[in-house]
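what would the 3D arrangement of this be:
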Amino acid sequence: MQPLQPESAGFLKSNLFVRICSALVFAPLVLIAGWLGGWPFLVLVLVVSGAVSFEWLRIIIPAATPLAIILMLGLVFASLYLIAFNPLQTAFWPVFLLFGGIVVAGYALGLKLWLGAGFAYAVLLGAALLMIRNDPSLGMTALGFIVAIVWATDIFAYLVGRTLKGPKLWPAISPGKTWSGAFGGLCAAIAASAAFYGLIDAVSLTRLILTGLVLSVASQCGDLFESWIKRRFKVKDSSHLIPGHGGVMDRVDGLVFALIAALLLVWLTSGNLDQPARTLLLGSA
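Residues are numbered from 1 along each chain as shown. Coordinates of the predicted model:
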């Protein structure tokens with residue numbers, strides 16, 4: 001076997017390679033578990049949300065004890081279990097009260113809103129995944145649509161930004177991101193959105209593209225948000241749970257914000273979250 005040439009070795013260590021690997025691993029994993037549904041998907045949601053909760057806690061409290069980590073994981077898992085097996089109206093208040101208690105505990109520990117924000121971040125990720133996938137009407141299609149938008153945006157934003165360079169998007173938070181990259185990500189989102197046209201009956205191409213653009217912007221905001229969190233707490237990676245690829249938060253930051261944006265779009269256009277997948281793609285009935 002020939003040794004790697006310098007160019008190949010450089011690519012294998014590049015951020016682009018990490019992003020491509022992330023898409024090639026995480027996207028199929030989410031989609032396969034989503035296609036299976038039921039317990040396989042719930043287990044995936046619990047694992048991903050739990051990893052995000054663990055990483056957030058380690059970022060804001062580097063010396064967090066195993067007991068504190070287990071307690072936070074237990075609260076996140078309990079919240080997602082409630083959401084998975086109960087109507088949203090039933091699960092909302094217990095989860096909201098848990099969130100309020102965690103916010104109070106965070107202030108008591110001198111962490112202000114950071115502890116509650118981490119709980120909300122992990123639970124919203126899992127809840128949005130469950131709510132969209134469990135919609136019997138287009139749940140799997142909507143999940144695939146969101147995943148496609150997020151990873152197309154992420155890869156092409158990086159690729160175009162590194163190629164064209166130009167003015168920085170927000171250098172104080174993320175020095176590597178450029179306006180050209182952001183535009184490249186939006187163009188990729190348009191292409192990914194258009195690819196779903198024809199796969200969904202009665203869908204409007206204009207609506208599909210506009211929805212894809214909103215989710216693409218949200219995804220890029222999620223990337224910036226995580227960059228800000230890491231700068232705020234002076235960490236390079238959210239963790240080393242994925243050897244050579246940073247943490248789970250580093251891989252799903254855009255997905256979290258895209259999922260939240262999807263639910264906000266549904267709520268703003270229909271006034272409820274009864275059929276989030278169908279409403280996202282087709283509009284309210």
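
counting contacts, what elements does the lengthiest helix in the chain pack onto?
In the chain, taking DSSP state H as the definition, the longest helix is helix 205-232. Contacts defined by 3 or more C-beta pairs under 8 Å, 6 or more residues apart in numbering; DSSP states H and E place helix 205-232 against helix 139-164, strand 174-178, helix 179-195, helix 248-270, helix 276-282. For the C-beta atoms, the positions are set from N, CA and C on the backbone; glycine is no exception.

mean pLDDT lowest where, among those?
When the helices and strands packed on helix 205-232 are ranked by mean pLDDT, strand 174-178 comes last with a mean of 88.

got the angle between that one and helix 179-195?
Counting by axes from the mean of the first three to the mean of the last three C-alpha atoms, to 10 degrees, strand 174-178 lies at 60 degrees to helix 179-195.

so what strands line up beside strand 174-178?
strand 168-170 (antiparallel) (DSSP bridges).

dump the helices and strands packed on helix 205-232 to CSV, plus distance to residue 62 and mean neighbour count.
What follows is the helices and strands packed on helix 205-232, written out as CSV (distance: least, C-beta to C-beta, whole Å; neighbours: other C-beta atoms under 10 Å):
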stretch, distance to residue 62, mean neighbour count
helix 139-164, 27, 22
strand 174-178, 22, 18
helix 179-195, 31, 20
helix 248-270, 15, 22
helix 276-282, 37, 24
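
quick one: which of these is nearest residue 230?
When the helices and strands packed on helix 205-232 are compared by C-beta to C-beta, helix 248-270 sits nearest residue 230, at 8.6 Å.

what's the angle between the closest one and helix 139-164?
120 degrees.

low pLDDT regions in the chain?
Under the criterion pLDDT under 70, the flagged ranges of the chain are 1-20, 22-23, 237-246, 285.

look up how far residue 197 lies from the closest residue to residue 236 other than its chain neighbours.
Spatial nearest neighbour of residue 236, chain neighbours left out: residue 230 (7.0 Å); criterion: C-beta to C-beta, 6 or more residues apart in numbering. Look at residue 230 and residue 197: by C-beta to C-beta, to the nearest Å, they are 37 Å apart.

the more surrounded of the two?
In terms of neighbours (other C-beta atoms under 10 Å), residue 230 is the more surrounded of residue 230 and residue 197; the figures are 21 against 14.

pretty sure the more buried one is touching residue 247, no?
No: using C-beta atoms under 8 Å, residue 230 makes no contact with residue 247, being 9.8 Å away.

give me the neighbour count for residue 74.
11.

checking it next. Helix, strand or coil?
helix (DSSP: H, G, I helix; E, B strand; the rest coil).

pretty sure residue 284 is in a helix, no?
No: counting by three-state DSSP, residue 284 is located in no helix; its state is coil.

wait, it touches residue 267, no?
No: applying C-beta under 8 Å as the test, residue 284 and residue 267 come out as separate, 10.4 Å apart.

between those two, which contacts overlap?
Here residue 284 and residue 267 share no contacting residue, scored by C-beta atoms under 8 Å, 6 or more residues apart in numbering.

distance of the nearest residue to residue 253 once chain neighbours are set aside relative to residue 103?
Closest residue to residue 253 in three dimensions, ignoring its sequence neighbours and counting by C-beta to C-beta, 6+ apart: residue 226, at 3.9 Å. According to C-beta to C-beta, residue 226 and residue 103 sit 21 Å apart.

which of the two has more neighbours?
residue 226 (23 against 19).

that one contacts residue 255, correct?
No: between residue 226 and residue 255 there is no contact under C-beta under 8 Å: 11.0 Å.

quick check: buried residues in stretch 217-236?
217-227, 229-230, 235 (16 or more other C-beta atoms under 10 Å).

and which of the residues you listed is nearest residue 176?
Using C-beta to C-beta, the buried residues of stretch 217-236 come closest to residue 176 at residue 227, 8.9 Å.

need the contact list for the nearest residue to residue 176 once chain neighbours are set aside.
In this structure, residue 176 finds its nearest non-sequential neighbour in residue 161, 7.3 Å apart by C-beta to C-beta, 6+ apart. Residue 161 is in contact with 176, 177, 178, 180, 181, 182, 184, counting by C-beta under 8 Å, 6+ apart.
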